[in-house]
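J.: Would you be able to build a 3D model of this:
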Amino acid sequence: MDSDVLHIPAQEMLNVFTSILVKHGFPVEKALQCATIFTDSSIDGIYSHGVNRFPTFVDYVAKGHVLPAAEPSLKNAMGSIEQWEGNLGPGPLNAMMATHRAIGLARSSGIGCVALSNTNHWMRGGSYGWQAARGGCVFIGFTNTIANMPAWGAKDARLGNNPLVLAIPYQDEAIVLDMAMSQYSFGAMELARLKNTMLEVDGGFDANGNPTRDPGVIIDTRRTMPVGFWKGAGLALLLDMLAALLSGGLSTHEINKNAVEYGLSQVFIAIDLSRLGDSSIINKTIESILDDYKSSVLVESGRKVIYPGQRVLETRKANTIKGIPVQRRIWERVVML
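T.: As a prediction, this is how the structure comes out:
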């Protein structure tokens, strides 16, 4: 076993997170809810937005960027569309509320859209895709961020990498795509830098404008590679526009006036599949698509194609049994909080 890696039981991690959040001003129920989101992300192998991100989250709480007891409030309701004010509350809790509300609107109208302004980093966006899918709903969600990605053909960061989440209920779980508009999220690059490993493909540019796989260099230059080059940059721009317009909140260039990332705009859309006229054939349709997908001719023998979210299920099972792998220095930092 790698002496630099600890395996923390999920219940222990949950207890530690909860007690730290209570210590930093969270009401007990909110502390447990928020700690559960961080723990679940870690169980699923999304360490960059789980245990590894937890110290930064607590730091934002201590500096007043995240208000532990704040509750979101309704600004405007227009049938199946609602605008909510996040009041700088904890991003994961605001996002969980917005997803729950979008599901509720979908139950009554078939589709529900909740746009949230003045909120905080939602951490792992896929959490809300899983939440909606378990409620029987398709999910579409996106957030803007502080400027951390250049427009295609530019040097300076003017775009956010604006994560997008798509989820579809499948069997007892879900198919969930959770992706930033940069080739790698900053959380993924920070994890690679922590492990002292290179990225699998070019993820950004160095100070001289050369493509690089060195995560530390990309983090320093803030010149991330948009997915699909100009296409990813264009999609990031439109997601920012939609988030700001639908929520009545800040856009990336306004968020960028802050020293750190807070006051974000987010959108949560749920579609109730049971309301569709042909809902009885949904599972058969998904199975047919996946069967064809899995029959792909492989480039290398011994490998397999996987659908979005499939690896998460495998990691979840392993980490539940063996404990969540955490870099020793990360866990030592956590318990000192």
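
J.: distance between the ends of stretch 132-141?
T.: End-to-end distance of stretch 132-141: 10 Å, with C-alpha to C-alpha, to the nearest Å as the criterion.

J.: Not counting sequence-adjacent ones, nearest residue to residue 105?
T.: In space, and not counting its chain neighbours, residue 105 is closest to residue 112: 2.6 Å by C-beta to C-beta, 6 or more residues apart in numbering. For every residue, glycine as well, the C-beta is placed using N, CA and C.

J.: Provide the strand pairings for the host helix or strand of that neighbour, with the direction of each partner.
T.: Taking DSSP states H and E as the criterion, residue 112 maps to strand 111-119. Strand 111-119 pairs in its sheet with strand 81-85 (parallel), strand 264-272 (antiparallel), by DSSP bridges.

J.: Deepest-packed of those, please.
T.: strand 264-272 (a mean of 27; mean count of other C-beta atoms under 10 Å).

J.: Quick one: name whatever helix or strand follows that strand.
T.: Assignment by DSSP H and E places the next element after strand 264-272 at helix 282-294.

J.: Now do that next one: distance to the chain's middle.
T.: 26 Å (C-alpha atoms, centre = their mean, to the nearest Å).

J.: list the helices and strands that helix packs on?
T.: Packing partners of helix 282-294 (3 or more C-beta pairs under 8 Å, 6 or more residues apart in numbering; DSSP states H and E): strand 164-170.

J.: Pairing partners for residue 74 in the sheet, please.
T.: Legend: beta-bridge partners of residue 74 under DSSP bridges are residue 84.

J.: can I assume it is in contact with residue 84?
T.: Yes. With contact defined as C-beta atoms under 8 Å, residue 74 counts as touching residue 84 (5.7 Å).

J.: what's the burial count for the residue nearest to residue 105?
T.: 26 (other C-beta atoms under 10 Å).

J.: That one and residue 106 touch, don't they?
T.: Yes. The criterion here is C-beta under 8 Å, and residue 112 meets it with residue 106 at 4.1 Å.

J.: Common neighbours of the two, please.
T.: Shared between the contact lists of residue 112 and residue 106 (criterion: C-beta atoms under 8 Å, 6 or more residues apart in numbering) are residues 80, 270.

J.: where does the residue of the chain most remote from its centre land on pLDDT?
T.: Going by C-alpha atoms, centre = their mean, the residue of the chain most distant from its centre is residue 301, 32.1 Å out. Here, the pLDDT recorded for residue 301 equals 81.

J.: One more: residue 172?
T.: For residue 172, the model assigns a pLDDT of 82.

J.: For it, give its distance to residue 144.
T.: 33 Å (C-beta to C-beta, to the nearest Å).

J.: and those two? which has more neighbours close in?
T.: Taking other C-beta under 10 Å, residue 172 and residue 144 do not tie; residue 144 has more neighbours (30 against 7).

J.: wouldn't the more buried one be in contact with residue 162 here?
T.: Yes. Contact criterion C-beta under 8 Å: residue 144 and residue 162 qualify, at 5.2 Å.

J.: where do the contact lists of those two overlap?
T.: Shared contacts of residue 144 and residue 162, defined by C-beta under 8 Å, 6+ apart, comprise 239-240, 243, 252.
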